[in-house]
Each structure stands twice: as structure tokens, then as C-alpha cells.
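K.L.:
Quick one: sequence plus predicted model below, questions after.
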Amino acid sequence: MGSILDQAQESLSHITLIAIEAALLGGDILRAGFGTHFSIQSKEGQHNLVTAYDHKSEAAILAFIRAEIPDSQFLAEESGATGKGDLLWIIDPLDGTVNFAHQLPIFSVSIAAQKEGRVVTGVVYQPITHELFVAEKGKGAFLNGQKIHVSHVSQMEQAMLATGFPYDLAKNPFHCIEHFVDILKLGIPIRRLGSAAIDLAYTAAGRLEGFFEVRLKAWDVAAGKLLVEEAGGKVTHWDGEPFDIHSDKTLFASNGKIHDAGCKILNRKV
């Protein structure tokens, strides 16, 4: 990753460089722990797990950022809201914990920086594949130093989508089960990768045309939202309204070209 950081030094802000180094640090910890024996605990909700490596990754990331930028506040999945400062770091130290716990190599570190209410930096790092997705407000989105763009697919029927399901799926929030079935009936392939940050990063990179889910937290989506937008895509709620990362309602991210068609399905009255 050294060459990527060398290239980034030329154009990216200090905040983004700190986010990159923090994500790489957390990713190294996860990669070292993957496939080993570690403690696993359950949080609220079925299959809502936390491992020792969620905590190890988060502790290392927070310590690194605090040392580099002391006047920071944090919103992290395991430790919640801490610190004071004008810069808010939104951190998921291990997005895809269930995959990690079951030795499925699909998980990521997600780090975003929010300033004056706007996300200005987003980094998603997949440590097993060594894929580093980086976005900075107004500067575009990148994968391992190369600029990325959303796909050019314009017909919903030709799209491939990703989704996920909330931990309270039995309550069927926002009628998400019916809307999932509506898309299946169109014959559209849907993938369930288990990491919202990866789903968003893959949409930004043109590997997927879109991603939809409900009940996501800010640490799941803050970095990925910026990646999609800086890659030329669009992120809204299912009704097409601007997406609020601090809302745990509905999310639809796409290449923009299928967005209206996707919202029409997802916002259908049930």
C-alpha cells in the first residue's frame, strides 16, 4: 500500500491521508485475526455479533486519529460518541462481523470524516483483497489510486443489485420483504454480501448498479455514500428524498441511471 499512499500525498487532504492510514491500520489487525480463535458476543438483534477484533480494530483506529488530530470527535460502532472538536470521525472498525466470525473473507473497515455537517472524506478498506476505496469531496473516488466511476447500465432489467436485511427483519420494517420480492420478480440478480460499506464501494466502482437496505447506521454508510456520489452515482431514501446518514430509515444507492426506476419499485405502496 506504500505506493498508493505516495500517490495520494500529491492530491488528497491531510484529513483523507489520516483516514487512509487509520483504515490500513485497522485492516492489518483484522487480517491478522481472520481465521484465528477469538471471543464472539451477541448484541441486540439476531445474528448481531461483535468479536474481539471489532474492539481491537476500533481501539487502534481511535488512538491513531486522536494522536494525529487531537481536536476530534468520534461516532464509532462499538464505543459510540466520544471526544470534542469540529471534525467528526464516523467509524465502523469491522463492517461484516458475521462474515468475519464465520471465516467468510468479505468484510471491511469504513472511516468517514464529517465537517460542518458534510462528509468530506470516505475510506473503505477490504483487507483480504487489499482493495482501498477512497473518496474526497469534490476530488472524485479512487480504488488503489485509480479513479473509479459508476456503471453505464441504464435499464433496470439489466442491473445487478445488492441488498442486506435488518436485524429486526421479522418486523418487516418499511415492508422491506415485499420490496425485495418485487425486485426478484423482475428477474434482477441480487447479491447479499454482508457489508454495506462494500456494497456501496462496489456500486461506486461499477461492479453493481445499485444497493438498497433499511435500518443502516451512520458508520455503515457515511464513507460509502461519498464514494458513490464522487463516482457519479446517486444516494437517496426510497422516496427519492436526500439521504441523511444519521437516519436509520431507507437507503437506495445507484449509478444514477436506474435511480428513478429503482425508487418507483422500492417506494411502492404495500
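P.N.:
Received, thanks.

K.L.:
check which helix or strand covers residue 93.
P.N.:
strand 87-95 (DSSP states H and E).

K.L.:
now that strand: how far from the chain's centre is it?
P.N.:
The chain centroid and the centroid of strand 87-95 are separated by 10 Å, computed with Cα atoms, centre = their mean, to the nearest Å.

K.L.:
and what of stretch 158-173?
P.N.:
15 Å.

K.L.:
Okay, helices next: where are they in the chain?
P.N.:
Listed in chain order, the helices found in the chain under DSSP state H are 2-9, 14-33, 52-68, 97-101, 176-185, 196-204, 218-230, 259-266.

K.L.:
list the helices and strands the strand holding residue 93 packs on?
P.N.:
Applying 3 or more Cβ pairs under 8 Å, 6 or more residues apart in numbering; DSSP states H and E, one finds that strand 87-95 contacts helix 14-33, helix 52-68, strand 72-76, strand 108-115, helix 196-204, helix 218-230. Any C-beta I mention is one placed from the backbone N, CA and C, and that applies to glycine too.

K.L.:
one more time with 6 Å
P.N.:
helix 52-68, strand 72-76, strand 108-115, helix 218-230 (3 or more Cβ pairs under 6 Å, 6 or more residues apart in numbering; DSSP states H and E).

K.L.:
With residue 109 as the reference, name the closest of the helices of the chain.
P.N.:
With Cβ to Cβ as the measure, helix 14-33 is the member of the helices of the chain nearest residue 109 (4.2 Å).

K.L.:
Now the closest one: average pLDDT?
P.N.:
Averaged across helix 14-33, pLDDT comes to 97.

K.L.:
buried residues in stretch 162-180?
P.N.:
162, 163, 164, 165, 166, 169, 173, 174, 176, 179, 180 (16 or more other Cβ atoms under 10 Å).

K.L.:
which one of those residues is nearest residue 198?
P.N.:
residue 162 (8.4 Å).

K.L.:
who's in contact with the closest one?
P.N.:
191, 193, 199, 208, 211 (Cβ atoms under 6 Å, 6 or more residues apart in numbering).

K.L.:
Just the ones of the residues you listed in strands?
P.N.:
191, 211 (DSSP state E).

K.L.:
ok, for residue 184, nearest residue in space, not its chain neighbours?
P.N.:
residue 190 (6.6 Å; Cβ to Cβ, 6 or more residues apart in numbering).

K.L.:
beta partners of the one you found?
P.N.:
residue 161 (DSSP bridges).

K.L.:
Please determine how far residue 233 is located from residue 246.
P.N.:
Going from residue 233 to residue 246 by Cβ to Cβ, to the nearest Å gives 20 Å.

K.L.:
quick one, which of those two is more surrounded?
P.N.:
residue 233 (26 against 12; other Cβ atoms under 10 Å).

K.L.:
do you know how far the closest residue to the more buried one other than its chain neighbours is from residue 159?
P.N.:
Leaving out its chain neighbours, the residue that sits closest to residue 233 by Cβ to Cβ, 6+ apart is residue 150, at 4.1 Å. Taking Cβ to Cβ as the measure, residue 150 falls 11 Å from residue 159.

K.L.:
ok, the two, which is more surrounded?
P.N.:
Using other Cβ under 10 Å as the criterion, residue 150 and residue 159 rank with residue 150 on top: 27 against 23.

K.L.:
residues near the closest residue in space to residue 196 that isn't next to it in sequence, how many?
P.N.:
Among residues not flanking residue 196 along the chain, residue 220 sits closest, at 4.3 Å (Cβ to Cβ, 6+ apart). Other residues within reach of residue 220 by the criterion other Cβ under 10 Å amount to 25.

K.L.:
any idea how far residue 105 is from residue 220?
P.N.:
For residue 220, the distance to residue 105 - Cβ to Cβ - is 19 Å.
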